[in-house]
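# Pasting the sequence and the predicted model now:
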Amino acid sequence: MLRDRLNEHLKTAIRNKDQRAVCTVRLILAAIKDRDICARGRGEEVGEAEILTLLQSMIKQRRDSIAMYEQGCRMDLAEQEQEEVEIIQSFLPHQMTSGEIESAVDSVIGEIKAAGLKDMGRVMAALRSRYAGQMDFGQASATAKNRLA
């Protein structure tokens with residue numbers, strides 16, 4: 001389970017005195033705990049798919065920060081963010097390539113018989129449920145939009 005892997009990685013990072021990994025994994029665990037608290041209020045439980053989505057959003061946030069730090073000539077901060085991205089990515093399953101994303105989008109469009117842009121929401125919902133944590137949904141959205149237009 002992903003939570004167990006995160007806790008084990010935290011213990012290992014503490015033993016190895018890897019401050020960047022310790023801080024990053026603690027950030028991940030805190031975000032998961034926050035989601036757990038919100039879900040508990042609704043009587044739900046945070047599953048693996050939601051954790052994977054959380055990790056992907058954390059990566060996206062850091063990539064946005066990297067771009068801003070590079071524009072501001074703060075390469076030291078950009079490098080720190082890149083290290084965090086690499087640590088977070090180590091917990092995600094294999095990421096799909098562009099070709100794999102295109103074929104997944106095509107198969108979902110065929111399965112749900114999507115006819116136009118009005119079906120975009122259904123296509124993306126199906127992709128999110130099947131490929132949580134495995135694909136870049138920004139790229140999948142652009143591909144689906146091109147196919148449905």
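Yep, it's here. For clarity, every value in this text was computed on a predicted model and none was experimentally measured.
# Can you tell me, leaving aside adjacent residues, what's nearest to the most centrally placed residue in the chain?
A centroid search over the chain (C-alpha atoms, centre = their mean) returns Q56, at 1.3 Å, as the residue closest to the centre. The shortest distance from Q56 to any residue that is not its chain neighbour, by C-beta to C-beta, 6 or more residues apart in numbering, is 6.3 Å, and that residue is G133. For the C-beta atoms, the positions are set from N, CA and C on the backbone; glycine is no exception.
# Domains in this structure, by residue range?
For the chain, the structural domains run 2-89, 98-148, going by automatic domain parsing.
# Same list, those, but as TSV with mean pLDDT please.
Below are those laid out as TSV (pLDDT from 0 to 100):
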stretch	mean pLDDT
domain 2-89	92
domain 98-148	88
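# which phi and psi does G116 have?
When quoted as degrees, to the nearest 10, the phi and psi of G116 stand at phi -160, psi -170.
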